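In: Got a sequence here, can you model it:
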Amino acid sequence: MNSIHFTYLLRVYSYNHFILKLLFCLFVCLVFWLYCLYVSLARAKRSWKLPASLLGVLQAGKWEAISVVTQTGTILFALTLYSLNTWLYKLLTQIFVSQYRFPYAVQLAFAQALLMLAALSSLCSLGCLPLQPYSLHLGERLLVPAICQGAHAALALWAQANGAAVLHGLVERLLPLACTACSHALALTPSLSARSAVLLATAVLTSVSLTVMQASLWIDALICLYAALSLFLHSLSLCWLAKVGEGEAVCRGGGRRVSSLDLCFSMTINKSLVLGFLCLLHPDGAPALSEGSWQSLLFLAYLLGVLLLGALQHLLLAVAALRCSPVAAALLHTAQGLAEPLTSLL
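Out: You can find the predicted model right below:
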């Protein structure tokens, strides 16, 4: 009994120690990014007008005006923030599903979409976030990425609930290559050069090969099929979303420009409708409501954490695909998994 208690305390200490290290790295990156941004703004005052907000610095056409040091600090800050969010999301999802036996992936994905929709609508109604109203034209163009993203979110949660997270995460490391192929198929601009594509393929395949050689994987045909389908849907949703954003920027060049958050808002509405219809058809709709421990505050806290972190992850990926490129969003999503086997060699 004492050994079990000691093992539990050691595990809790290791979790807390890791969280403290991540928070410290996040704080260091934030300070470094703010300092570099201040230096770049001080140097750039003579070349272009200082924007009203710091977010305006990262708009299209001004990213090249920022120094390389500031770009590096911004990338490190984004990687650290997203990696921390992803790690906490996976940890909370694993604990929530295993402890409370709540493996209802479609219902959780639907709740994440509703939470993101409620958050964006609340910020818009308070005047903190200017959003254009939903239009049928934009909603029709965003129907395909909404369906793909909703199905991918459900498959990712299914993998967490059914013990297939390891194989699913391994296949997910191929996301940058899948996004590169989809970008070429959809003729997205700018596309990766041949040299960059070869370097990216070498890094991704090396990471996957090292993981396969070091770990013993339990391979199931259904899990492999779902993992490959999830990879295809994820890459297609990011690239199609970027293609729609590129087309809207060209079509409305003379009028009011559709922002990235406008596209995310419209796609979230579509995704909520798709997942809501899927919940009505799914046989686990009634058990999801009856088997939840709704009177437990700890259950509600875990559920809220899973929904918040999942919604934030989807929003950050969509914004990264629109503001940068689908390949950059894929690298942001898989950077931690790709770096783990490579750093183990050092």
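In: residue ranges with poor pLDDT in the protein?
Out: Applying pLDDT under 70 to the chain picks out residues 1-74, 215-218, 250-256, 345-346.
In: domains for it, by residue range?
Out: 1-45+66-100, 105-343 (automatic domain parsing).
In: Give me whichever of the ones you listed is most buried.
Out: domain 105-343 (a mean of 18; mean count of other CB atoms under 10 Å). (Each C-beta comes from the backbone N, C-alpha and C, glycine too.)
In: start to end distance for it?
Out: For domain 105-343, the separation between the terminal residues is 33 Å (CA to CA, to the nearest Å).
In: Might you calculate how far it sits from the centre of the chain?
Out: Taking CA atoms, centre = their mean, to the nearest Å, one finds domain 105-343 lying 6 Å from the centre of the chain it belongs to.
In: Pretty sure residue 243 sits against residue 188.
Out: Yes: counting by CB atoms under 8 Å, residue 243 touches residue 188, with 6.0 Å between them.
In: measure residue 86 to residue 326 for me?
Out: Using CB to CB, to the nearest Å, residue 86 is found at 18 Å from residue 326.
In: Likewise for residue 302?
Out: On the measure of CB to CB, residue 302 and residue 326 end up 32 Å apart.
In: ditto for residue 102
Out: Distance from residue 102 to residue 326, by CB to CB: 32 Å.
In: Show me the strands in this protein, by range?
Out: Per DSSP state E, the chain carries no strands over any range.
In: can you pull out the helices in it?
Out: All helices of the chain, identified by DSSP state H, fall at 2-44, 68-100, 105-125, 136-141, 143-161, 165-172, 175-185, 194-214, 221-251, 260-281, 285-290, 297-323, 326-343.
In: got a list of what the nearest residue to residue 247 once chain neighbours are set aside touches?
Out: Once flanking residues are discounted, residue 247 sits nearest to residue 141: 7.4 Å by CB to CB, 6 or more residues apart in numbering. Applying CB atoms under 8 Å, 6 or more residues apart in numbering, we find residue 141 in contact with 244, 247-248.
In: want to throw the residues you listed into a markdown table with distance to residue 96?
Out: A markdown table is the format used below for the contacts of residue 141 (distance: CB to CB, whole Å):
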| residue | distance to residue 96 |
| --- | --- |
| 244 | 33 |
| 247 | 39 |
| 248 | 37 |
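In: Return the member of the residues you listed nearest to residue 291.
Out: residue 244 (38.4 Å; CB to CB).
In: From residue 243, how far out is the residue nearest to that closest one when sequence neighbours are not counted?
Out: Once flanking residues are discounted, residue 244 sits nearest to residue 141: 5.0 Å by CB to CB, 6+ apart. Distance of residue 141 to residue 243, given as CB to CB: 9 Å.
In: One more: residue 196?
Out: For residue 196, the distance to residue 243 - CB to CB - is 20 Å.
In: So residue 206 is in contact with residue 344, correct?
Out: No: here residue 206 lies out of contact with residue 344, judged by CB under 8 Å, at a distance of 12.0 Å.
In: need the contact list for the closest residue to residue 220 other than its chain neighbours.
Out: Counting by CB to CB, 6+ apart, residue 164 is the residue found nearest to residue 220 once chain neighbours are left out, at 7.5 Å. When contacts are counted by CB under 8 Å, 6+ apart, residue 164 touches 158, 220, 223, 226-227.
In: Tabulate those residues (TSV), appending distance to residue 259.
Out: Listed next are those as TSV, based on distance: CB to CB, whole Å:
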residue	distance to residue 259
158	32
220	43
223	38
226	34
227	33
